[in-house]
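1. Got a predicted model here, sequence first, then my questions.
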Amino acid sequence: MREYSLRFQEGSTSNLKTITFQSEDAHEAFSIMELERLDGPVEILDGDKSLGTITPSSNGAWVVKGIRNSARLDG
């Protein structure tokens, strides 16, 4: 399992919040965003490396920008 983080701005505050989770890959971010009712944009990180952003749209779809493959060659 690898450690991922979701970084987002909560409400109208300027403080960034972070949710950290472990998963085989980053797909678990979608479930966490739904459970936490995050209305984004949310930056997803693999360790300290930014993979991109995910934003839920008003029609229930996900807008995904800049997501890169997080697979590591070092296992």
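-> That came through, no problem. Residues are numbered from 1 along each chain as shown.
2. Check which helix or strand the residue positioned nearest the centre of the chain maps to.
-> Central residue of the chain (Cα atoms, centre = their mean): I44, 3.2 Å from the mean position. Using DSSP states H and E, I44 sits in strand 42-46.
3. the helices in this structure, which residues?
-> Secondary structure of the chain, counting by DSSP state H: helices at 28-36.
4. where in it is pLDDT low?
-> 10-14, 68-75 (pLDDT under 70).
5. all strands for this structure, in order.
-> 2-9, 16-23, 42-46, 49-56, 62-65 (DSSP state E).
6. Partner strands of the shortest one and their direction?
-> Looking back up the chat, that one is strand 62-65. Sheet pairing here is set by DSSP bridges, and for strand 62-65 it gives strand 49-56 (antiparallel).
7. quick one on the thing from earlier: so which of the strands of the chain is the most packed in?
-> strand 42-46 (a mean of 21; mean count of other Cβ atoms under 10 Å). The way it works is simple: take the backbone N, C-alpha and C, and place the C-beta from them, glycine included.
8. Check which helices and strands it sits against.
-> In terms of contacts (3 or more Cβ pairs under 8 Å, 6 or more residues apart in numbering; DSSP states H and E), strand 42-46 is packed against strand 2-9, helix 28-36, strand 49-56.
9. Adding distance to F21 as columns, could you present those in CSV?
-> Compiled in CSV, the helices and strands packed on strand 42-46 are given as follows (distance: least, Cβ to Cβ, whole Å):
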stretch, distance to F21
strand 2-9, 6
helix 28-36, 6
strand 49-56, 13
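10. of all those, which lies closest to K65?
-> strand 49-56 (5.0 Å; Cβ to Cβ).
11. Contacts for that closest one next, please.
-> Applying Cβ atoms under 8 Å, 6 or more residues apart in numbering, the external contacts of strand 49-56 come out as 26, 29-30, 33, 38-45, 62-68, 70.
12. Thanks a lot, see you next time.
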